[in-house]
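[1] okay, sequence plus prediction incoming.
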Amino acid sequence: MGRGVILLVEDNEDDIFFMQRAFEKAELTNPLHVIMDGHEAINYLDGRGGFADRAAHPFPDFIFLDLKLPFVDGFEVLTWLRQEKKSSVPVAVLSSSPEEVDMRRARELGASCYLIKPPDVSMLLSCWKQFSLS
């Protein structure tokens, strides 16, 4: 598939592994950058500190964002992204919560997709195919 940069914001090592496996099975070969907490996600997205070199840490073309993150949760990261960066980059929320209130809040904050963890290959591709990244 395309070469758009993917940012995975996930604090659980097992979920990171499952996402990487799902990417492989879905034949998504895009560059993948993994960040493990919400504070670092904001630093990455803003190009601050150790993420200032955009050649090494490019702004993503697609974000997979866990909701339950240390320091700053996924809702706060999504709010910051939409307000501060005014970015329309597609964001797929990853959550173990099937609660309608969480799904609605994610959509209201501009999430493009809401995936229950761990997403299988068909869920991943269904979300991904809404956005053709090259």
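    On my side now, so go ahead. Residues are numbered from 1 along each chain as shown.

[2] lowest confidence element among the helices and strands of the protein?
    Lowest by mean pLDDT, DSSP states H and E among the helices and strands of the chain is helix 121-128, with a mean of 77.

[3] from the contact counts, what lies against the helix ranked longest in the chain?
    Longest helix of the chain, by residue count under DSSP state H: helix 13-25. Other elements packing on helix 13-25 under the criterion 3 or more Cβ pairs under 8 Å, 6 or more residues apart in numbering; DSSP states H and E are strand 6-9, strand 32-35, helix 121-128. (Glycine included, C-beta is placed from N, CA and C.)

[4] what pairs with the first one, and is each one parallel or antiparallel?
    So the one you mean is strand 6-9. Partners of strand 6-9 in the sheet, by DSSP bridges, are strand 32-35 (parallel), strand 62-66 (parallel).

[5] export these as TSV, with columns for mean pLDDT.
    Below are these laid out as TSV (pLDDT from 0 to 100):
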stretch	mean pLDDT
strand 32-35	94
strand 62-66	94
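
[6] want to try JSON lines for the ones you listed, with distance to residue 116 and mean neighbour count as columns?
    Converted to JSON lines, these look like this (distance: least, Cβ to Cβ, whole Å; neighbours: other Cβ atoms under 10 Å):
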{"stretch": "strand 32-35", "distance to residue 116": "20", "mean neighbour count": "18"}
{"stretch": "strand 62-66", "distance to residue 116": "12", "mean neighbour count": "26"}
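
[7] minimum distance to residue 106: which of those has it?
    Nearest to residue 106 among these is strand 62-66 (8.8 Å), distances taken as Cβ to Cβ.

[8] for the helix or strand just after that closest one, buried residues please.
    Using DSSP states H and E, the helix or strand that follows strand 62-66 in sequence is helix 74-83. Neighbour-count burial for helix 74-83 flags 74-82 (criterion: 16 or more other Cβ atoms under 10 Å).

[9] state the mean pLDDT of helix 74-83.
    For helix 74-83, the mean per-residue pLDDT is 94.
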